[in-house]
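*Asks:* This is the structure alone, sequence omitted:
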């Protein structure tokens, strides 16, 4: 006669208490949450997945007219529309993924309060759902490369690695903000404003080479500054930031990610009580 198996769930010890085995065990839930967000986002819309391209395209047109043509902002020797759109693709992934990640726990209140699973899956799945939009945005980017006669470069093979870096940047901000949003709903109102400020602290509409001297290191504390600069370098062959500045950006990204994970796990137990 077989006996029932008893599973005891106990809190883990340590600063970073991530169980890769447990996360892998719940991989199906991660996939379900990701695709659910994709389907819900485009359900009952007229343009569907076309919205993934419309936002960066419209921003690119506005920047091209007012900054590229009227203000004559330098574009590292490439046509300004291509220069701006190349940065807007990863930036849109970052901004949308961060906003979705920050709201994810509150939007999944019933799931969070009724059943046990690694809560880390919720904000990361919300961010991963925007990978589809990110890939769609590259279709137009390739078309623009052909239109402007910019050849394909071997360094474009680094784009998947840089995309993983953007996802890590989303997590570095998003995990902490998602946890904060459970207790303080002011976060949802602060995020759009913060993203607007961060847009101009990131080399999206101007080349990073405009920031000179010691300011470069303070500028590089924003992980997206180094990532977008490398993204342009990989696709367009523009001049990239010095290695020491990129090292600061990489260190900041890792530090923010660890802080986000530590804070998220520290307050995770109280989610069901205060959400």
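*Replies:* Cool, the structure landed. In this text, all values refer to a predicted model and were calculated from it rather than measured experimentally.

*Asks:* where exactly do the helices run in the stretch 1-150 of the chain?
*Replies:* 20-25, 27-42, 51-63, 80-107, 109-114, 121-128, 131-147 (DSSP state H, counting those that start in this stretch).

*Asks:* Now mean neighbour count too, for these, in a markdown table please.
*Replies:* Yep, even glycine has a C-beta here, placed from its N, CA and C like the rest. Output for the helices of the stretch 1-150 of the chain, formatted as a markdown table (neighbours: other C-beta atoms under 10 Å):
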| stretch | mean neighbour count |
| --- | --- |
| helix 20-25 | 11 |
| helix 27-42 | 15 |
| helix 51-63 | 17 |
| helix 80-107 | 24 |
| helix 109-114 | 12 |
| helix 121-128 | 25 |
| helix 131-147 | 16 |
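
*Asks:* Residue 234: which of these is closest?
*Replies:* Among those, helix 80-107 comes nearest to residue 234, with 9.5 Å by C-beta to C-beta.

*Asks:* Quick check: mean pLDDT of that closest one?
*Replies:* On average, the pLDDT along helix 80-107 is 93.

*Asks:* Direction-wise, compare it with helix 121-128 and give the angle.
*Replies:* Orientation check (axes from the mean of the first three to the mean of the last three C-alpha atoms, to 10 degrees): helix 80-107 against helix 121-128 gives 160 degrees.

*Asks:* just checking, what packs against helix 80-107?
*Replies:* Packed against helix 80-107 by the contact rule (3 or more C-beta pairs under 8 Å, 6 or more residues apart in numbering; DSSP states H and E) you find helix 51-63, helix 121-128, helix 131-147, helix 159-183, helix 187-200, helix 223-236.

*Asks:* Let's have the helices of the stretch 1-150 of the chain in TSV, adding distance to residue 272.
*Replies:* Listed next are the helices of the stretch 1-150 of the chain as TSV, based on distance: least, C-beta to C-beta, whole Å:
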stretch	distance to residue 272
helix 20-25	18
helix 27-42	17
helix 51-63	34
helix 80-107	10
helix 109-114	5
helix 121-128	13
helix 131-147	29
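
*Asks:* can you tell which of those is closest to residue 243?
*Replies:* Nearest of the helices of the stretch 1-150 of the chain (C-beta to C-beta): helix 80-107, 20.4 Å.

*Asks:* I'd like the distance from that closest one to the chain centre, please.
*Replies:* Chain-centre distance of helix 80-107: 6 Å, with C-alpha atoms, centre = their mean, to the nearest Å.

*Asks:* Many thanks, have a good one.
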